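# 3D model of this:
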Amino acid sequence: MKAKDLRNLSETELRQKVIELKQEIFNLKFQLKAGQLLNSAAIGNTKRDLARVLTVMRQKGYKIKV
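The predicted structure is shown next:
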């Protein structure tokens, strides 16, 4: 996910993306603890994607409720 692509999204779409990424991080952590996660780097990549979305939201001046 590129920041350039995120800048084209609306506020509603960005907020939905935050919710999706948080849910995905939760699921990945759960899989890691259960021993089912094969690629542990996926957690870090997802966290970076979340940080990108939040950064774009801050740049656009949207209120962020984390």
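# low pLDDT regions in this protein?
The chain contains residues with pLDDT under 70 at 66.
# remind me, longest helix of it?
For the chain, the helix with the greatest residue count under DSSP state H is helix 11-34.
# I would like the residues contacting that one, please.
6, 9, 37, 40, 42-43, 46-47, 49-50, 53-54, 56-57, 60, 62, 66 (C-beta atoms under 8 Å, 6 or more residues apart in numbering). The C-beta positions use only the backbone N, C-alpha and C, and glycine is treated the same way.
# Now for residue 49, how many residues are close by?
For residue 49, the count of nearby residues is 20 (other C-beta atoms under 10 Å).
# isn't it right up against residue 1?
Yes - when contacts are counted by C-beta atoms under 8 Å, residue 49 is listed as touching residue 1 (4.9 Å).
# Give me the most central residue, the protein.
residue 50 (2.7 Å; C-alpha atoms, centre = their mean).
# Where does that one sit: helix, strand or coil?
helix (DSSP: H, G, I helix; E, B strand; the rest coil).
# what sits against it?
So residue 50 contacts 18, 21, 22, 25 (C-beta under 8 Å, 6+ apart).
# Neighbour-wise, give me the winner out of these.
Sorting those by how many neighbours each has (other C-beta under 10 Å) puts residue 21 first, at 20 neighbours.
# how near is residue 23 to residue 29?
11 Å (C-beta to C-beta, to the nearest Å).
# repeat for residue 54
Distance from residue 54 to residue 29, by C-beta to C-beta: 19 Å.
# More neighbours: the two, which one.
Legend: neighbour count by other C-beta under 10 Å for residue 54 and residue 29, higher for residue 54 (18 against 13).
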